[in-house]
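1. sequence and predicted structure below; questions after.
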Amino acid sequence: MASKRKPRPAPPSFSVSGEDADRFSSLCAEALLLPRSEGEDGIGTLGEKRLHAVIKRYLSADTSCHEVKLSGTRYVSDVRCGEQIFEVQTGSFYPLRQKIAYYLEHTDCTVTLVHPICVDKWVLRFDPETGEATERRRSSKQGGAIDLLAKLSCLAEHFSHPRLEVRLLLLETLDVRIPAGRGASRWRRTRLYERLPLSLRGDLSLRTPADLRALLPDGLPSRFTVKTFSALTRLRGRDAYSAVQTLLSLGLLLRTDEQEGRARVFALTDG
């Protein structure tokens, strides 16, 4: 679709200091020596997995700041340092909707939603019956900062709040997978046993819709369909539609009256 492109802000910086990268790697190495939590007494409180625990320790080495309950509520903050709350979410943001809304509406705290994205993923298959493990291989499914747009659709109404920011940790990780079946065919399907952090590749804070607009690929035209958006961002299926909805909710995108075949055409705003 030929169209004139609108100017975009400079892309945000993904850089991380050598000191922070080394500190994160040290935390990862320490975590690998500890047993995996099965939901009881794990390496962190509340039986958390190692990825979650490493990120909390990266945010604050003071464990007294971890798992702090907000007085008079059922809400427990992953990390709270004074009036700064950090919520670490490795999966969907949907379960955090009410919690984030409460923090913003009923406290004076600044809130940082911390989300890890696997930009360099390795996979290892482990057989718990024999204790054997395969040599790790690089996964074809690598993430990127653009993945945030799909996750953020359920929190888009809060994103422009002056006391909320999203912080992306771009990681190298190792997925340990175990057989999901039984017998001779047990390896036909596998399931994720645990995702282990290996290193920190980038640390990015996003505070405004303009920050999100800077995540869009350079080749994206100013008018496009979801199919074009999906092809250029590598967001597939529901994720592509959720990302478009986020951009619409934040006023970064408009629905036009145009169609390309049966597909709706969207237009980037000046942001």
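-> Sure, I can see it. The structure displayed is predicted, hence computed values, not measured ones. Residues are numbered from 1 along each chain as shown.
2. from residue 241, how far off is residue 157?
-> Note on residue 157: its distance to residue 241, by Cβ to Cβ, to the nearest Å, is 18 Å. Backbone N, C-alpha and C define where each C-beta goes, glycine included.
3. of those two, who's got more company?
-> It is residue 241, of residue 157 and residue 241, that has more neighbours when counted by other Cβ atoms under 10 Å, with 16 against 12.
4. any idea how far the helix or strand harbouring the more buried one is from the middle of the chain?
-> Using DSSP states H and E, residue 241 maps to helix 237-249. A distance of 15 Å separates the centroid of the chain from that of helix 237-249, by Cα atoms, centre = their mean, to the nearest Å.
5. quick one: list the elements packing against whatever helix or strand comes next after that helix.
-> Scanning forward in sequence from helix 237-249 by DSSP H and E, the next helix or strand is strand 253-260. Packing contacts for strand 253-260, counted by 3 or more Cβ pairs under 8 Å, 6 or more residues apart in numbering; DSSP states H and E, involve helix 237-249, strand 263-268.
6. swap in 7 Å and give it another go.
-> strand 263-268 (3 or more Cβ pairs under 7 Å, 6 or more residues apart in numbering; DSSP states H and E).
7. tell me where the stretch 1-150 of the chain has strands.
-> With strands called from DSSP state E, counting those that start in this stretch, the stretch 1-150 of the chain shows them at 66-69, 76-81, 84-88, 110-125, 137-138.
8. send the alpha carbons of the first one over as CSV?
-> In CSV, the C-alpha atoms belonging to strand 66-69 read as follows (Å, rounded to 0.1, in the frame of the first residue of the first chain):
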residue,chain,number,x,y,z
HIS,A,66,10.1,-7.9,48.7
GLU,A,67,6.5,-9.1,49.0
VAL,A,68,5.2,-6.1,50.9
LYS,A,69,1.5,-6.0,51.7
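9. how about the strands in the stretch 151-271 of the chain?
-> Secondary structure of the stretch 151-271 of the chain (DSSP E, counting those that start in this stretch): strands at 164-179, 190-206, 223-224, 253-260, 263-268.
10. ok, how many other residues are close to residue 78?
-> 25.
11. now for it: which residues touch it?
-> 56, 66, 67, 86, 87, 88 (Cβ atoms under 7 Å, 6 or more residues apart in numbering).
12. one more time with 10 Å, if that's ok
-> 44-46, 48, 52-53, 55-56, 59-60, 65-68, 85-89, 112, 114 (Cβ atoms under 10 Å, 6 or more residues apart in numbering).
13. which residues does the closest residue to residue 163 other than its chain neighbours bridge with?
-> Excluding its sequence neighbours, the residue lying closest to residue 163 (Cβ to Cβ, 6 or more residues apart in numbering) is residue 110, at 4.7 Å. Judged by DSSP bridges, the bridge partners of residue 110 are residue 84.
14. the residue nearest the centre of the chain and residue 149: what is the separation?
-> Among the residues of the chain, residue 115 comes closest to the average C-alpha position under Cα atoms, centre = their mean, at 3.7 Å. Distance of residue 115 to residue 149, computed by Cβ to Cβ: 12 Å.
15. cool, and residue 226?
-> Taking Cβ to Cβ, one finds residue 226 at 12 Å from residue 149.
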